[in-house]
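# Sequence and predicted structure, then a few things I'm wondering about:
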Amino acid sequence: MKRFSKNILSLTIADLLRRIFGFITVAYLARVVGTETFGAINTAYAVLAYGIVVSTSGLTAYGIRSVAQGASTYILSTIISERLTLSVLVLTGIVLCTLTIITDPTVQVLVLLFSCTLIPLALSPEWFLQGKETMVPIAFARTIAAAIPMVIAIIAIHSSEQTWILAVGSIVGDCCATLILQWVLRSSGIRYNIQFPSSLHLVIQSFPLSVGIILSTLVINYPPLALTLVRSQYDVGIYSAASKLVFFLLIGDRLLNALIFPAVSRKLSMSQESLQPFIQQILRWILFFTTPFAVAGVFLAEDVLKFIFGEQYSVSTPVLQVLVWYFVLTMLHTVFTALLLALHKEKIYRNVMVTTAILYALFVTVGAYSWGAIGAAAGVVVAELLSLMLLIRGVQRLIPLSIFKQRLGSFFVSVAGLASIFTITESVVVTWRIVVAFLVFFSLATITGGITRNDFQTIKQLIL
């Protein structure tokens, strides 16, 4: 138990530091390089994300599971060899597509440089150590991989012409992380051989494990690509400024995802009857504690964007006002996903995710083409809402749920009070607006019975 807690703590801290370092890097670059170059950086990141998920396929998930179940170290040689072969193939494809399709020289350079990180990532034994539950060095390596490009960017990048240095910093960071984990591996006396090129036979076996990852990557990274294809890098920059703020909030979703699945599985092993009130309590708790952030995002979007990214990003205000609702929907989405997986309804989940990918592609493309960045944001939110509705429909057939029961009135009264405070305090200092508005919201929620002591007991159960 002590080892498990240590692993969870180390990975949580590492993930938090990575997001903070990444956020600092993004905020700094947004101010220094300008909107269009900032958009080009995010296009390159989106391409890299696709490159990682395709070159990884389901190999890491397959490897983690195999190592955890006692597979020999031979699998280390096989998977690293196949990942390296696949990464070279994917990198070649990216180079050809970039030189053929992308005409903007800045985007070309950034995409090509960032994509080179596929090679050190392929050589990383992180998945093997994860299967062995050796998480502390993984956490350290991940932190280093995020810290190096941040430091290099702040020291060396002072204009849009120097943006390529960020890509070099990312390559250096990933190389250092891989070397750290390789050293840990060799210190444990583990050796392996690389066979290049390899047969890729495990890629075929592990592909089913990668479907969900591929679809979720499509969902997150498609808007910048869609805006690149049908609009401009300026629109990508406007969208990306808002999306970075929303995705930073999703630290909460990562933590929820780590806690909710084992908790749901444990409740289900006891009885389905005990699961129903537990889930209803969690859903209501999520709504009461995420909606204030979304409402605050609507009223304070311009102030936050100016403070973090600079005056030029005030045009991202309507984008953030729309996209912030993705945070609430995704948190709810995580709960219903955990429910389906705990109930061994992978087929339903897969069908929903495939439908979701189609919806995202459709709504984001149409939105981006018709209304630019705000259209892409609206497409993301609408698609996520429809995806959530499909998940709810799938779960309701198995477990009837009523999210609020008798507390719907409390929720609306609390939200109305929050919105009213933000409206009437428009001329007040932002800090005080936030403090007063949140105090009013939670006071109303407590007085009207929307939040009770039992809700805090729920969180205690999840953590312990």
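Right, received. Where do you want to start?

# Could you give me the buried positions within the helix or strand harbouring Phe114?
Using DSSP states H and E, Phe114 sits in helix 105-115. Residues of helix 105-115 classed as buried by neighbour count (16 or more other C-beta atoms under 10 Å): 106-115. The C-beta positions use only the backbone N, C-alpha and C, and glycine is treated the same way.

# Name the next helix or strand downstream of it, please.
Trace forward from helix 105-115 with DSSP H and E and the next one is helix 118-122.

# Other residues contacting that next one?
With contact meaning C-beta atoms under 8 Å, 6 or more residues apart in numbering, helix 118-122 is reached by 48, 51-52, 55-56, 80, 83-84, 86-88, 90-91, 171, 174-175, 177-178.

# so what does the helix holding Phe114 touch, helix or strand wise?
When contacts are defined as 3 or more C-beta pairs under 8 Å, 6 or more residues apart in numbering; DSSP states H and E, helix 105-115 packs onto helix 35-56, helix 74-101, helix 164-187.

# okay, the angle between it and helix 164-187?
Orientation of helix 105-115 against helix 164-187 (axes from the mean of the first three to the mean of the last three C-alpha atoms, to 10 degrees) gives an angle of 0 degrees.

# Other residues contacting helix 105-115?
37, 40-41, 43-45, 47-48, 51, 91, 94-95, 98-99, 102, 160, 163-164, 167-168, 170-171, 228, 233.

# filter these to the buried ones?
Counted by 16+ other C-beta under 10 Å, the contacts of helix 105-115 give 37, 40-41, 43-45, 47-48, 51, 91, 94, 98, 102, 160, 163-164, 167, 170-171, 228, 233 as buried.

# picking that back up, average pLDDT across the helix holding Phe114?
The pLDDT scores in helix 105-115 average 93.

# Please put the alpha-carbon coordinates of that helix into CSV.
Taking C-alpha atoms only, helix 105-115 is exported to CSV below (Å, rounded to 0.1, in the frame of the first residue of the first chain):
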residue,chain,number,x,y,z
PRO,A,105,7.8,27.9,-44.1
THR,A,106,7.5,28.5,-40.4
VAL,A,107,5.0,25.7,-39.9
GLN,A,108,7.1,23.4,-42.1
VAL,A,109,10.2,23.9,-40.0
LEU,A,110,8.4,23.5,-36.7
VAL,A,111,6.5,20.4,-37.7
LEU,A,112,9.7,18.7,-39.0
LEU,A,113,11.7,19.6,-35.9
PHE,A,114,9.1,18.7,-33.4
SER,A,115,8.4,15.4,-35.2
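
# where are the low-confidence patches of the stretch 51-200 of the chain?
68-69, 71-72 (pLDDT under 70).

# and Cys97, how many neighbours?
For Cys97, the count of nearby residues is 12 (other C-beta atoms under 10 Å).

# out of everything not next to it in sequence, what's closest to Ile193?
Not Ile; residue 193 is Asn. Ser77 (5.2 Å; C-beta to C-beta, 6 or more residues apart in numbering).

# Could you double-check that that neighbour lies in contact with Ile190?
No. Ser77 is not in contact with Ile190 according to C-beta atoms under 8 Å; the separation is 10.5 Å.

# Looking at this protein, which helix is longest?
Across the chain, the longest stretch assigned as helix under DSSP state H is helix 272-309.

# other SSEs contacting that one?
Contact partners of helix 272-309 among helices and strands, from 3+ C-beta pairs under 8 Å, 6+ apart: helix 2-33, helix 233-249, helix 251-270, helix 317-323, helix 325-342, helix 408-424, helix 430-447, helix 453-463.

# Let me know which of those helices is the nearest to Tyr360.
Nearest to Tyr360 among the helices and strands packed on helix 272-309 is helix 325-342 (11.3 Å), distances taken as C-beta to C-beta.

# and that closest one with helix 233-249, angle?
60 degrees.

# other SSEs contacting helix 325-342?
helix 233-249, helix 251-270, helix 272-309, helix 346-371, helix 373-396.

# Can you add distance to Ser124 and mean pLDDT and give those back as a markdown table?
Shown next, in a markdown table, are these (distance: least, C-beta to C-beta, whole Å; pLDDT from 0 to 100):
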| stretch | distance to Ser124 | mean pLDDT |
| --- | --- | --- |
| helix 233-249 | 23 | 88 |
| helix 251-270 | 20 | 66 |
| helix 272-309 | 31 | 85 |
| helix 346-371 | 26 | 88 |
| helix 373-396 | 30 | 92 |
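
# out of those helices, nearest to Glu133?
helix 251-270 (14.6 Å).

# What is the burial count for the residue nearest to Asn193?
Ser77 has 16 nearby residues by other C-beta under 10 Å.

# Can you verify my assumption that Ile64 contacts Leu129?
No. The pair Ile64 and Leu129 fails to qualify as a contact (C-beta under 8 Å) at a distance of 9.6 Å.

# Distance check, Val203 against Gly367.
34 Å (C-beta to C-beta, to the nearest Å).

# Which of these two has more residues huddled nearby?
Ranked by neighbour count (other C-beta under 10 Å), Val203 and Gly367 place Gly367 first, with 26 against 21.

# what's the more buried one in contact with, if anything?
So Gly367 contacts 374-379 (C-beta under 8 Å, 6+ apart).

# again with Ile24
150, 154.

# Swap in 7 Å and give it another go.
By C-beta atoms under 7 Å, 6 or more residues apart in numbering, the contact list for Ile24 reads Met150.

# how many neighbours does Pro186 have?
Rather than Pro, residue 186 is Arg. 12.

# Contacts for stretch 83-90 next, please.
Residues contacting stretch 83-90 (C-beta under 7 Å, 6+ apart): 51, 54-57, 59, 118-119, 122-123, 194, 196-198, 200, 203.

# ok, of these, which come out buried?
Buried among the contacts of stretch 83-90 (16+ other C-beta under 10 Å): 51, 54-57, 59, 118-119, 122-123, 198, 200, 203.

# what separates stretch 67-82 from the chain centre, distance-wise?
Mean-position distance between stretch 67-82 and its chain equals 27 Å (C-alpha atoms, centre = their mean, to the nearest Å).

# would you put the C-alpha positions of that stretch in PDB?
C-alpha atoms of stretch 67-82 as PDB (Å, rounded to 0.1, in the frame of the first residue of the first chain):
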ATOM      1  CA  VAL A  67       5.200  -6.800 -17.900                       C
ATOM      2  CA  ALA A  68       2.700  -6.500 -15.000                       C
ATOM      3  CA  GLN A  69       1.700 -10.000 -15.700                       C
ATOM      4  CA  GLY A  70       5.200 -11.300 -15.600                       C
ATOM      5  CA  ALA A  71       6.500 -11.200 -19.200                       C
ATOM      6  CA  SER A  72      10.200 -11.800 -19.700                       C
ATOM      7  CA  THR A  73      12.600  -9.000 -20.600                       C
ATOM      8  CA  TYR A  74      12.500 -10.200 -24.200                       C
ATOM      9  CA  ILE A  75       9.400  -8.100 -24.700                       C
ATOM     10  CA  LEU A  76      11.500  -5.000 -24.000                       C
ATOM     11  CA  SER A  77      13.700  -5.700 -27.100                       C
ATOM     12  CA  THR A  78      10.600  -6.500 -29.200                       C
ATOM     13  CA  ILE A  79       8.500  -3.500 -28.400                       C
ATOM     14  CA  ILE A  80      11.400  -0.900 -28.500                       C
ATOM     15  CA  SER A  81      12.500  -2.400 -31.900                       C
ATOM     16  CA  GLU A  82       8.900  -2.200 -33.300                       C
END
